[in-house]
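Peer 1: this one's sequence-less:
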């Protein structure tokens, strides 16, 4: 049996400001660093065999913080990088609504669009699923995949056997942990969006953006 642990990175200022991040390399903010430390403490006894991360620093910093408790080196994987939002990257949600009103409405109403200059959810599904196939062939223990909101939500749909139209039915917070067990050639959802370890920080969680 292989345990696949999907981890979203900690908070960034662009999460707070609702700016589309995509593949722009935005760092964790102070809250995000604190979240990553609490996450790492929470997972210290998880006996993680391998850690793969998006190469973007918000994910990589989160992954490296987890790795401090384990005798593993973080492996970066382009398959886990964030969704390419194309022309929306670096724009606030308000600016996108004003500049691309029809396309933004289609996006939030669960139409499977391709952002101008960007990629589709199908592209994300293909690249992430290829990494999962490698992981289940190589490991029999727990493997952490540290990535991004869109990337992880698409992968969750894939592992549940759902098409990408269910993307908006999934909530995923910063540092949220989702775990699948792989056995008998099936992926079994074991827990989803676990952020219980963030309670010491207090405050209100950001919206799913």
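Peer 2: All right, it came through fine. Predicted model, so just to flag it, every value in this text is computed and none were measured.

Peer 1: just give the nearest non-adjacent residue to the residue nearest to the spatial centre of the chain, would you?
Peer 2: By Cα atoms, centre = their mean, the mean C-alpha position of the chain lies nearest to residue 148, the distance being 2.7 Å. Nearest residue to residue 148 in three dimensions, chain neighbours excluded: residue 82, at 4.0 Å (Cβ to Cβ, 6 or more residues apart in numbering). No exception for glycine: its C-beta is placed from N, CA and C like everyone else's.

Peer 1: about what we covered before: I'd say the residue nearest to the centre of the chain and residue 62 touch.
Peer 2: No: if you go by Cβ atoms under 8 Å, residue 148 and residue 62 don't touch, sitting 10.3 Å apart.

Peer 1: mutual contacts of these two, please.
Peer 2: Common neighbours of residue 148 and residue 62, using Cβ atoms under 8 Å, 6 or more residues apart in numbering, are residue 9.

Peer 1: isn't residue 73 right up against residue 67?
Peer 2: Yes: judged on Cβ under 8 Å, residue 73 makes contact with residue 67 at a distance of 7.0 Å.

Peer 1: quick one: low-confidence ranges for the protein?
Peer 2: For the chain, the stretches flagged by pLDDT under 70 are 111, 205.

Peer 1: the residue nearest to residue 148 against residue 26, yeah?
Peer 2: No: Residue 82 sits out of contact with residue 26 when judged by Cβ under 8 Å, with a separation of 9.4 Å.

Peer 1: between the two, tell me which one has more neighbours.
Peer 2: The residue with more neighbours, out of residue 82 and residue 26, is residue 82; 26 against 20, by other Cβ atoms under 10 Å.

Peer 1: which residue ranges of this structure form helices?
Peer 2: Assignment of helices within the chain using DSSP state H yields the ranges 13-16, 30-42, 57-67, 93-99, 101-108, 121-138, 149-159.

Peer 1: distance of the residue nearest to the centre of the chain relative to residue 105?
Peer 2: 23 Å (Cβ to Cβ, to the nearest Å).

Peer 1: what of residue 57?
Peer 2: 32 Å.

Peer 1: ok, which of the helices of the chain comes nearest residue 114?
Peer 2: Nearest of the helices of the chain to residue 114, taken as Cβ to Cβ: helix 121-138 at 8.5 Å.
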